[in-house]
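**Q** Here is a sequence with its predicted model. Questions after.
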Amino acid sequence: MITYKFRLYPNKEQEEKLEFTLDICRQTYNTMLGELNNQIVIDKAQIQAMLPDMKICEPKFRQVYSKTLQYECYRLFSNLSALRVLKGNHKKIGRLRFKGKNWFNTIHFNQSGFKLINKNKKKGNLKLSKIGDIDIRIHREVEGNIKQVIIKKSADRWWACIQTDAKKQIKHGDKIKGYDLGIVHYLTDNDGNTIEHPMNIKKNEKKLKKAHQNLSRKKKGSNRRKKAILRLQRNYENITNSRNDFLNRTTTNIIKECKIVAIEDLDIKRMIITSYNAKNIADSSWGRFVQMLLSKAESAGCEVVKVAPEFTTLDCSSCGRRKKKMSLSQRTYKCSKCGLKIDRDYNSAINILKRYYLNKYNRFGANLLRAETSTPLEQVSAMKREAPLLK
């Protein structure tokens, strides 16, 4: 399934209808959640059967497309299932919360109630039931049959996320590489190639600071404060878009180049809590990067292998000697035993690839290791010496 995201340009009347539909969907969700909380034994059919009664009691619910309201029942039980999974994984979770006006920003048109009309290369209309024909900017061709349209509000802008049944497959490359995730360099591979960190927060720090200061000076409830909030939201939205664009391009290029990718299995949450560099770690979005990489690798038939991250920076990639400690400011790895002098991220990337090969060596044998490895012979010999330690 492919999702296309296009910008909507509703007029004033259409925007009022979108806001009204959004609020009715929010009220439907909250009403169903209230009924769910009152039930001793959960009965999904009984909750879904509330919709006809709600339309009889409140005529305003008739002004919204029926399938859109039915989806809120699906959304409610999907959230409930997600909490159940988290609880099964021994996570600390609470209860489902009622949605406030600013915490609900999507409208779902599932299977029907929509029609996309492409007038020319870029302009078109999106017809939504009980809302009207909204101008849409179609910047690329939509492939496949449309299965669902999600209308999303972000700041003061409206977007249409169009999901189709088309399948887009990326052709993977032939290389086997290990990648180290970092902050100075976002990615460093085992050949020493680097991808620079975009530093989205740092680049926009002055704008964000000014927008926050401007907001703090405005009186609560005033129109000027609402405008200041919109300016701040737009700044954060631009940062998010820049970050997503970088991650999409980077992950796609990796899949096109490699057939096997080895990365560290990082505990990002613990790193943010215990680190003194939490802002840059959060800005890096390593979790989002790994999620995108896994998704694209699955569709391309590429393999992504996670290895243990412990001591990848401290171990020498040539002789295997482990340092006791190494400060973050020390960017060059120097081995006192073999005399290796190398960038610390480059050294870590080689160790990540070595760990992948060592796991493969233990499973299949030394001949396959020699056939597939592209690392120098001294590194292969180090792998053989360290392989028994991982049994």
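**A** Received, thanks.

**Q** Dihedrals phi and psi, A308?
**A** Geometry field for A308 lists phi and psi as phi -70, psi 130, criterion degrees, to the nearest 10.

**Q** ok, it - contacts?
**A** By Cβ atoms under 8 Å, 6 or more residues apart in numbering, the contact list for A308 reads 264-265, 355. In this view, the C-beta of every residue, glycine as well, is placed from N, C-alpha and C.

**Q** try 10 Å this time
**A** Counting by Cβ atoms under 10 Å, 6 or more residues apart in numbering, A308 touches 264-265, 352, 355, 359, 390.

**Q** helices and strands of this protein: which one bottoms out on pLDDT?
**A** Least confident helix or strand of the chain, by mean pLDDT, DSSP states H and E, is helix 366-372 with a mean of 32.

**Q** Buried ones in stretch 105-113, by neighbour count?
**A** Of the residues in stretch 105-113, 105, 107-110, 113 count as buried by neighbour count, 16 or more other Cβ atoms under 10 Å.

**Q** out of those, which are inside strands?
**A** Using DSSP state E, the members of the buried residues of stretch 105-113 that fall within strands are 107-110.

**Q** quick one: least confident of these?
**A** Least confident entry in those, by pLDDT: N110, with 90.

**Q** I figured it hits Y74, correct?
**A** Yes: with contacts defined as Cβ atoms under 10 Å, N110 counts as touching Y74 at a distance of 8.1 Å.

**Q** re the thing from before, farthest-separated two in the ones in strands among the buried residues of stretch 105-113?
**A** The two members of those with the most space between them (Cβ to Cβ) are I107 and N110, at 10.5 Å.

**Q** what sits in contact with each of those two?
**A** Common contacts of I107 and N110, defined by Cβ under 10 Å, 6+ apart, comprise 65, 68, 71, 149-150.

**Q** Are any of those residues buried, and if so which?
**A** Burial of the shared contacts of I107 and N110 was assessed by neighbour count (16+ other Cβ under 10 Å); the buried members are 65, 68, 71, 149-150.

**Q** Tell me where the model's unsure across the protein.
**A** Across the chain, the stretches falling below the confidence threshold (pLDDT under 70) are 121, 361-391.

**Q** Quick check: can you list the domain ranges of it?
**A** Under automatic domain parsing, the residue ranges defining each domain of the chain are 2-111+141-164, 175-307, 332-390.

**Q** Quick one: closest of those domains to G132.
**A** Once Cβ to Cβ is applied to these, the stretch that comes out nearest is domain 2-111+141-164, at 5.3 Å.

**Q** gap between the two ends of the closest one?
**A** Across its full length, domain 2-111+141-164 reaches 5 Å end to end, with Cα to Cα, to the nearest Å as the criterion.

**Q** all helices for this structure, in order.
**A** Using DSSP state H, the helices of the chain run over residues 12-38, 44-48, 50-57, 66-88, 200-203, 205-216, 223-257, 268-274, 278-284, 286-300, 344-364, 366-372, 377-386.

**Q** one step back: show me the one in the contacts of A308 that has more neighbours than the rest.
**A** Highest neighbour count within these: I352, with 28 neighbours (other Cβ atoms under 10 Å).

**Q** For that one, which non-adjacent residue is closest in space?
**A** The shortest distance from I352 to any non-neighbouring residue, by Cβ to Cβ, 6 or more residues apart in numbering, is to G178 (3.7 Å).

**Q** residues near the one you found, how many?
**A** The number of residues packed near G178 is 28, by other Cβ under 10 Å.

**Q** cool, and K130?
**A** 14.

**Q** ok, so what distance separates it from K60?
**A** The gap separating K130 from K60 is 12 Å, by Cβ to Cβ, to the nearest Å.

**Q** what touches both of those two?
**A** In terms of Cβ under 10 Å, 6+ apart, K130 and K60 are both contacted by the residues F20.

**Q** ok, the residue nearest to the spatial centre of the chain - contacts?
**A** In the chain, the centroid-proximal residue (Cα atoms, centre = their mean) is R288; its distance is 3.9 Å. Under the criterion of Cβ under 10 Å, 6+ apart, the contact list for R288 reads 243-244, 247, 251, 268.

**Q** thinking again about what came up before, out of the buried residues of stretch 105-113, which is nearest to K219?
**A** Proximity to K219 was ranked across those by Cβ to Cβ; first place goes to N105, at 25.6 Å.

**Q** which residues does that closest one contact?
**A** For N105, the residues meeting the contact criterion (Cβ under 10 Å, 6+ apart) are 22, 26, 99, 151-155, 158-159.
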